[in-house]
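# Below is the structure, and that's it, no one-letter string:
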C-alpha cells in the first residue's frame, strides 16, 4: 500500500512537471532541456528558506515560485532571441550552469552533500506528516496546477501561443509581440515546475543536486513526447506511463545499480520509436514541425 | 605561468577542434544536429578497451596500434549503423529538424547507458604511467600532450586539404550547399552522407582516444565534448568549418583560463556563458556569412 | 495624404542591390500592383515595408508618420498586413481558430485579464467569434470551420490568409503573389475578394506575376527590375509601353 501511495505521489509530481513542460514545448513550440533546472531551483529555494531561515511551507513556496520565475526571465533574455536549435542549446546551457551552481556553491547549497532534514509541510497549523496525507495533499496541489494550466491552454493567450508555435513570422505580422508571449510561457512553466520542486523537497526530506540533472530533463521531455503534446491528456498519459513502466522493472529483479541505466535506455528507445512512428505522441494533438 | 595556460589551452582547443570539425561536417553535410556525436566520442574509447580485452592485453606497440585501428573501424561501423537505421529514414521522410534532434538524443542516451551498463560508471585510466615531460623555458609539456598537439594538428590539416582538393571534399561541400541539386546531378547522396558520418565520427574518435590516453575516460565525457563542439560550431558560424576550429580553439583557451582562476567544476558552465555572450553580440556567429531572412 | 510613402529606399546584400533607391506613394483605397521579373527585389521591398528587414538608406512613412524604428509587430499594430507567397497559415489550428487568433489587442491575451476580469474577456471573445463567423462566411469556408488549416486546399488556405487580414483589421494589405498556384476559378474569386476589401476601405499593394489579371484590377502599376522602378503608370499606359517587354524578357 505504501508503495502504491509512493507511486501516486510521483505521478502527481510528474503530472505537474509534464503539463508545465507541455506549455513550453507543445503550445509555444519551445523545446527545452532546462525544465529540471527549474524543478531543482524550486526545490532548493523552498528547502533553504525552510531549513536555513525557518520560514513555513506556504511562505517558502511563494518565495520559491517568485525566485524561479525571476530567474526564468534571465534564461528568456539570454536565449529567446536565438533561432530554434540555438534556443535548445541555450536551455541546455542553463541546465548545466544551474547544476554547476547547485553542485559547486557549497557554502550555499552544501553541494554534493545535499541538504537533509527538510520538514514536512504544515498548512495553517496542520502538519502533513503521513504518506497518506501527503499523497492527498499532492493530489490537491496537482489538481490546482493542472487546472490552472488547463485554463491557460484554453485561453486566448494559449491560442496565440499556438499561433506562435505554428508560424512565428505570421504571428508577428498580425501584431503579436512574440517575445512577450514566449517569456510569459517560460515564466508560467518555470513557476509550476518550482511548485513541483517544493513538493518533492518536502516529500523526500533530503535533496541533493543529482536529482536535478540533464537526465531528469530528458525524462520529463520523454513524458511529453511519448504521451503527446499540445493538449491536456497527452502529458498526463506520458507521466503515468513513464513512472509506471520502470517500476515494472522492479518485478524483474534487476539490480538497482543497473536499473537506472536500463531505465534510461528504455527512454532512449521510446524517444526514437515515437519520433519514427508517432511524432504526435500516444495521446497528443500536435506533431512537431 | 600564462604561457603554460596558453599551451594547455591550445592543446585542449585542438582536441575540441577535432570534435567540432566532425560535428560541423555532419551538421552541414547531413543537416543533423548530431548530439549522438558525443556518444560516438565516448564509444570510441570503450571500443578500444573492448578490443584490447579481446586481444588479451597490449603486448607491444603494434598491438596497441592494432587495437586503435580496430576501434576506429568499429566507430565507422557504428556511424554507418546510426545513419542507416535512424538518420536516413528520417531524412527521406523529410522529418522536421526537431524530430531528428530528439531521435539523436535518444541515440545518445541508449549508447551511453549501454556503455555504462557493460563497463561501469567509474573512470577508466588507459595509461597508468607517469608521462615523461619536456621543459621549454617556462613551460612544461608532457609526451602525451606533444602527441596530442602534433596528431590533432595533422588531422585537422589533412581534413581541410581533403575538403579543398579531393572529389569527396567537393561532394561534401556541394551537399552542404544544395542537397537537392546534388542528387539531381546524379551524385550518390546516400554514399556521401555515410562518408560524412564516418569522417565526422573518426574525428571525434581520434579526439577521445588522444584525450583518454592522457586523463582516462568515463561514460559521461561525451556530453561535455559534444556540447563544447556544438558551441564551437555555432560561435564560429555554422556554415564555416574554419569557424568551428576557431571557435574550438577559443573555447579551449578560455576554459583553461577559467580552470586556473576558478576551478575545473565551472568549465562547462563557462563554455555556455561564452556561447550566450558571443551570440548576443553576433547573432550568426563570428565567421558566418549572412543568412537570408527565411533561412534563419 | 498618401497612406504609404517610401523615399529612396535601399537595401543591399553582400554588394547586391536588392532594392536600389525606390520611391513611391500609395493612396488610400487603391489597388497598386508591382510586377517584374524574378529577383527584381519585390519581396525584399515588402520585407522592408513590413519591418522584417532594416533598410540601408531611405525612409518609410505610414499615415504621415515615420515608421522606420518600429518592429514588425508594431507596424502590424498600426495597420500594415502581410500575405506571404508561401501563405503561412497556422497549420495545427482550425480554420476558425486561425481567424479568432488574428484579432488585434485581445484582452484574453493578458493572463491577468483572463483570470481576474473574465467578464471582459468573455464579452470580447463573443464579439470575436461573431466577427470570425461573418468572415468565414465571406470567404466561403464555413463548411470547413473546424478543419485543421493544414487540411485545406492551397486555394482555401489563401482565402483563409486573406480572411485573417480582415480579422486583423489591417488597412494596408501587402499581398505577395495572391493568385499564384491556384486554379483559374479561384484566381477570379481571390481578385473579387481583393476588390471587395478595397471597397470596404482597405488599400492593396500587391506583387503579381499574373500580369493581365493584376492589370485588370489595379489602379496603378509599378514595374521593378534589379531593384529599381523602371516604369510606372496606369495599367493602360504600362501595358502599351514597349519598355515592358524589355524588362520582362531582357531584350
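Great, that's in hand. This structure is a prediction, so every number in the text was calculated from the model and none was measured.
# what's around residue C:34, how many residues?
Residues near residue C:34, counting by other C-beta atoms under 10 Å in any protein chain shown, number 27. Yep, even glycine has a C-beta here, placed from its N, CA and C like the rest.
# center of chain C - which residue?
For chain C, the residue nearest the mean C-alpha position is residue C:174 (2.4 Å; C-alpha atoms, centre = their mean).
# doesn't that one fall inside a helix?
No - secondary structure of residue C:174 (DSSP: H, G, I helix; E, B strand; the rest coil): strand, not part of a helix.
# Give me every residue in chain A lying close to chain C.
A:151-152, A:155-157, A:159-160, A:162-163, A:165-167, A:169-178, A:181, A:184, A:188, A:230, A:285-287, A:289 (C-beta under 8 Å from any C-beta of the partner chain).
# which residues touch residue 232?
Just going to use chain A. By C-beta atoms under 8 Å, 6 or more residues apart in numbering or on different chains, the contact set of residue A:232 is A:19, A:146, A:149-150, A:153.
# That was the other one, I meant chain C.
Counting by C-beta under 8 Å, 6+ apart, residue C:232 has contacts C:24, C:220-223, C:238.
# Tell me how far the nearest residue to residue A:131 once chain neighbours are set aside lies from residue A:236.
Here the nearest residue to residue A:131 in space, its sequence neighbours aside, is residue A:5; by C-beta to C-beta, 6 or more residues apart in numbering or on different chains that works out to 4.9 Å. Applying C-beta to C-beta, to the nearest Å, the value for residue A:5 to residue A:236 is 19 Å.
# Comparing those two, which residue is more hemmed in?
More crowded of residue A:5 and residue A:236, by other C-beta under 10 Å: residue A:236, with 22 against 17.
# nearest residue to that one other than its sequence neighbours?
Among residues not flanking residue A:236 along the chain, residue A:15 sits closest, at 5.4 Å (C-beta to C-beta, 6+ apart).
# Return the set of buried residues in the helix or strand where that neighbour lies.
Per DSSP states H and E: residue A:15 is located in helix A:2-22. Of the residues in helix A:2-22, those buried under the neighbour-count criterion (16 or more other C-beta atoms under 10 Å in any protein chain shown) are A:5, A:8-22.
# Stretch B:42-60 too?
Applying a neighbour-count criterion of 16+ other C-beta under 10 Å, one finds B:42-52 buried in stretch B:42-60.
# Please apply the same query to stretch C:216-224.
In stretch C:216-224, counting by 16+ other C-beta under 10 Å, buried: C:217-218, C:220-224.
# Where does pLDDT dip in the stretch 51-200 of chain A?
Applying pLDDT under 70 to the stretch 51-200 of chain A flags residues A:83-84.
# Now do the strands in the stretch 101-250 of chain C.
With DSSP state E, counting those that start in this stretch as the criterion, the stretch 101-250 of chain C has strands at C:172-176, C:203-207, C:220-225, C:228-233.
# any chance of those strands in JSON lines, with distance to residue B:27 too?
JSON lines is the format used below for the strands of the stretch 101-250 of chain C (distance: least, C-beta to C-beta, whole Å):
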{"stretch": "strand C:172-176", "distance to residue B:27": "31"}
{"stretch": "strand C:203-207", "distance to residue B:27": "34"}
{"stretch": "strand C:220-225", "distance to residue B:27": "37"}
{"stretch": "strand C:228-233", "distance to residue B:27": "39"}
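# Would you mark the buried spots in the lengthiest helix in chain A?
Ranked by residue count under DSSP state H, the longest helix found in chain A is helix A:178-204. Of the residues in helix A:178-204, A:178-179, A:181-203 count as buried by neighbour count, 16+ other C-beta under 10 Å.
# Against which helices or strands is it packed?
helix A:2-22, helix A:35-51, helix A:57-79, helix A:131-154, helix A:156-166, helix A:168-173 (3 or more C-beta pairs under 8 Å, 6 or more residues apart in numbering or on different chains; DSSP states H and E).
# what about 10 Å?
Packing contacts for helix A:178-204, counted by 3 or more C-beta pairs under 10 Å, 6 or more residues apart in numbering or on different chains; DSSP states H and E, involve helix A:2-22, helix A:35-51, helix A:57-79, helix A:131-154, helix A:156-166, helix A:168-173, helix C:72-78, helix C:111-116.
# Which residues does the last one contact?
Among residues not part of helix C:111-116, those counted as contacts by C-beta atoms under 10 Å, 6 or more residues apart in numbering or on different chains are A:148, A:151-152, A:154-158, A:184, A:187-188, C:106-108, C:110, C:120-122, C:124-125.
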